[in-house]
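Enquirer: Build the 3D model from these lines:
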Amino acid sequence: MSEFDGLMAIDNVLEQDQKHRQAFLYLLDRQQERKDHLFSIEVRMGVTRSFITSASLAWTAQQVRYATQLPMFKEYVDPDTSKVKIDRETAAMVQQREPNWTRQYPMTLYLAKRKRHKFPPLLLVATQSWVDDPKSDSWDSAGRALKDSINAQSLDSNGIYVDLSFSVDNLLYAIDGQHRLMAIKGLAELVNEGKLYARDRDNKQTKLSVSAEQIVDDSNGNISRAELQAVLSERIGIEIIPAVMKGESRQDALRRIRSIFVHVNMNAQPLTSGELAVLDEDDGFAVVARTIAFSHPLLIDRVELKKGNLAPSSDNFTTLESLVSIAENYLGQMEGYQGWKPDTKTQMAMRPEEESIDLGHKKLVEYFDSLAKLPTHVRVIQQGNDYVKAARENEHNLLFRPMAQMALAEAFGTLVTDRQRKIENMIQVLSAKEAEGMLNYENPKTPWYVVVFDPNKKTMERKASAQKLVSRLFIHLLGGGTSDDAAYRELKAEFGKARIVDKDSGKAIDLNGNSVPIDQVELPTPWV
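Expert: Coordinates of the predicted model:
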């Protein structure tokens, strides 16, 4: 064969491949145009055959139902409440939990208002009417299924690519992703009917509602009605398993479905609050806190990323969850950052503009740069994690406790914003008081004794009310006192009550270390 003939042969092969590709695309397009047909890929794990595909949100909202509506589970559902009856036999099945309808409203608004929305795939069960008819000719004489409860036709010789067809007789139920399905149905209601009402846990409509027009108007031009409508055309991943497989008895099938149900929920490991902060790209406070955690000299390799609290033996300076609160407590009081807080209706944060995030990051860096000038914090940077542990366990320094770190950030935010105090001046005062031992929470003559440390149980107080009181005390001490008479009396009474060590006698510890009636406990003298 000449070189020319060889090139011609290659051209023929390439041309043939192109024709095959075009023919395949033509057939695939025709397949996708068929109503109520889904192109899928078959997978097998264990004894279960399933099909992976995708469908539009509009189709999903219309075609998919909730697991508790599955006819195979009818005998387990209380007809009066539509809830699964709990007994020994159904305990495993109910691992999936009853749907919580309060989640529909915020999750629907997440789809409608946030352009970077994303849901994981749904796991569905496909059933047909004959499954619940013991007399159907789809069961053999031994009560075993003669076919799967899904119409699946192979499109290739290996049976990998499959055409799934759905008629009136075919029903789909979500056994994993019921709240995602709830949100999708809520979106269809919002778009098609123009309004969505929030619901309580039992699916009763509340007065809270939102309209499609409100969402468009509140978006400041970021969302149009056409874009909101287009969300229903987006596609979500779906895995479908037949309720009954060929050769199974109805009891075998029910047992298999229940087993899958439980395993899906047992193996779903919820993220910790710290892990959520690591991954959260929408909460502005989480974004800046995460950046600080991995970049500031005071914090690098000294932040607990998973847990919300520090173990007694921990050599970490703080937790990522606490850092998020520190960012919110400090920045959240300043002009321009109130919008970073989640919408009270959706309880979901919307990512701020990058310019705003950069400015918030800069302000938080300035705050931690100032803290890093405290003598003990200088030693942290110089000596490392061993000193962190010593400052907490041996020196009992209040500022090495996450609760106090959050309280201090809130106090500084208030003093900088409302009282125009300079951070540098407050750090100088704190440094002097730290040197005097006034941040030692085990010393009865400091304001923190009993308030944050229980001398009887030798444990730290973690209640939000204690954190709030510590913040107000810092404001009092670093802000020149409490000038408003009513506010002074209220703080004095709260401080006295917090210093009670003997609940039987009602006696409290004053700042001289004496046991006195709570009304004799005076507020500490301001430090400035």
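Enquirer: any idea how far S370 lies from H476?
Expert: Distance of S370 to H476, computed by CB to CB, to the nearest Å: 20 Å. (Each C-beta comes from the backbone N, C-alpha and C, glycine too.)
Enquirer: My guess is V501 contacts Y449. True?
Expert: No - assessed by CB atoms under 8 Å, V501 is found out of contact with Y449, at 9.0 Å.
Enquirer: re the thing from before, quick one, which of S370 and H476 is more surrounded?
Expert: H476 (23 against 17; other CB atoms under 10 Å).
Enquirer: Leaving out chain neighbours, which residue sits closest to that one?
Expert: T482 (5.1 Å; CB to CB, 6 or more residues apart in numbering).
Enquirer: I figured that neighbour was touching L523, is that so?
Expert: Yes - here T482 lies in contact with L523, judged by CB under 8 Å, at a distance of 7.5 Å.
Enquirer: list the residues that contact both of those two?
Expert: H476, Y488, L491 (CB atoms under 8 Å, 6 or more residues apart in numbering).
Enquirer: follow-up on the earlier one: V501 and Y449: which is more packed in?
Expert: Y449 (22 against 15).
Enquirer: correct me, but the more buried one touches P455?
Expert: Yes - shown here, Y449 and P455 form a contact pair, counting by CB under 8 Å, at 7.2 Å.
Enquirer: Which neighbours do those two have in common?
Expert: E442.
Enquirer: where does the residue nearest to H476 land in three-state SS?
Expert: State at T482, reduced to three classes by DSSP: H, G, I helix; E, B strand; the rest coil: coil.
Enquirer: and A435, how many residues sit next to it?
Expert: With other CB under 10 Å as criterion, A435 counts 12.
Enquirer: go on, R235?
Expert: 13.
Enquirer: looking at it, A409 is touching V324, isn't it?
Expert: No - the pair A409 / V324 is not scored as a contact, 10.8 Å apart, by CB under 8 Å.
Enquirer: Give me the more crowded residue out of the two.
Expert: Between A409 and V324, counted using other CB under 10 Å, the more crowded position is A409 (27 against 24).
Enquirer: just checking, what packs against the host helix or strand of L415?
Expert: In the assignment (DSSP states H and E), L415 maps to helix 402-418. If you count contacts as 3 or more CB pairs under 8 Å, 6 or more residues apart in numbering; DSSP states H and E, helix 402-418 packs onto strand 318-319, helix 320-331, helix 423-435, helix 464-478.
Enquirer: Find the one among these with the highest mean neighbour count.
Expert: Highest mean neighbour count among the helices and strands packed on helix 402-418 (mean count of other CB atoms under 10 Å): helix 320-331, with a mean of 26.
Enquirer: Remind me what it packs against, helices and strands.
Expert: Helix 320-331 packs on helix 273-279, helix 284-293, strand 303-304, helix 354-371, helix 402-418, going by 3+ CB pairs under 8 Å, 6+ apart.
Enquirer: Which strand residues bridge P517?
Expert: K507 (DSSP bridges).
Enquirer: From V231, how far out is it?
Expert: 64 Å.
Enquirer: Quick one: the helices and strands packed on helix 320-331 as a markdown table, columns for distance to W59 too.
Expert: Conversion of these to a markdown table gives the following (distance: least, CB to CB, whole Å):
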| stretch | distance to W59 |
| --- | --- |
| helix 273-279 | 30 |
| helix 284-293 | 35 |
| strand 303-304 | 45 |
| helix 354-371 | 36 |
| helix 402-418 | 47 |
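Enquirer: Make a markdown table from the ones you listed and add distance to G46 and mean pLDDT to it.
Expert: Output for the helices and strands packed on helix 320-331, formatted as a markdown table (distance: least, CB to CB, whole Å; pLDDT from 0 to 100):
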| stretch | distance to G46 | mean pLDDT |
| --- | --- | --- |
| helix 273-279 | 30 | 73 |
| helix 284-293 | 39 | 92 |
| strand 303-304 | 39 | 94 |
| helix 354-371 | 46 | 94 |
| helix 402-418 | 45 | 95 |
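Enquirer: hang on, the earlier thing: okay if I get the helices and strands packed on helix 402-418 as JSON lines plus mean pLDDT?
Expert: Formatted as JSON lines, these follow (pLDDT from 0 to 100):
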{"stretch": "strand 318-319", "mean pLDDT": "96"}
{"stretch": "helix 320-331", "mean pLDDT": "95"}
{"stretch": "helix 423-435", "mean pLDDT": "96"}
{"stretch": "helix 464-478", "mean pLDDT": "95"}
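Enquirer: so which of those comes closest to S273?
Expert: Shortest distance between S273 and those, using CB to CB, is found for helix 320-331: 4.7 Å.
Enquirer: Determine the angle, from 0 to 180 degrees, between that closest one and helix 464-478.
Expert: 50 degrees (axes from the mean of the first three to the mean of the last three CA atoms, to 10 degrees).
Enquirer: who's in contact with helix 320-331?
Expert: With contacts defined as CB under 8 Å, 6+ apart, helix 320-331 is touched by 273-274, 277-278, 283, 285-286, 288-290, 292-293, 299, 303-305, 307-308, 318, 337, 340-341, 360, 363-364, 367, 402-403, 405-407, 409-410, 412-413, 471.
Enquirer: Same question for stretch 155-174.
Expert: Contacts of stretch 155-174 (CB under 8 Å, 6+ apart): 31, 34, 36-42, 51, 53, 63-67, 69-71, 122-129, 150-154, 180-181, 240.
Enquirer: let's go with 6 Å and repeat that
Expert: Applying CB atoms under 6 Å, 6 or more residues apart in numbering, the contact partners of stretch 155-174 are 36-38, 40, 42, 51, 63-65, 67, 70, 122, 124-129, 151-154, 181.
Enquirer: Now that we have these, which of them are buried?
Expert: Taking 16 or more other CB atoms under 10 Å as the criterion, what is buried in the contacts of stretch 155-174 is 38, 40, 42, 51, 64-65, 67, 70, 122, 124-128, 151-152, 181.
Enquirer: residue contacts, the residue nearest the centre of the chain?
Expert: Most central in the chain under CA atoms, centre = their mean is L276, positioned 6.1 Å from the mean C-alpha point. If a contact means CB under 6 Å, 6+ apart, then L276 has no contacts.
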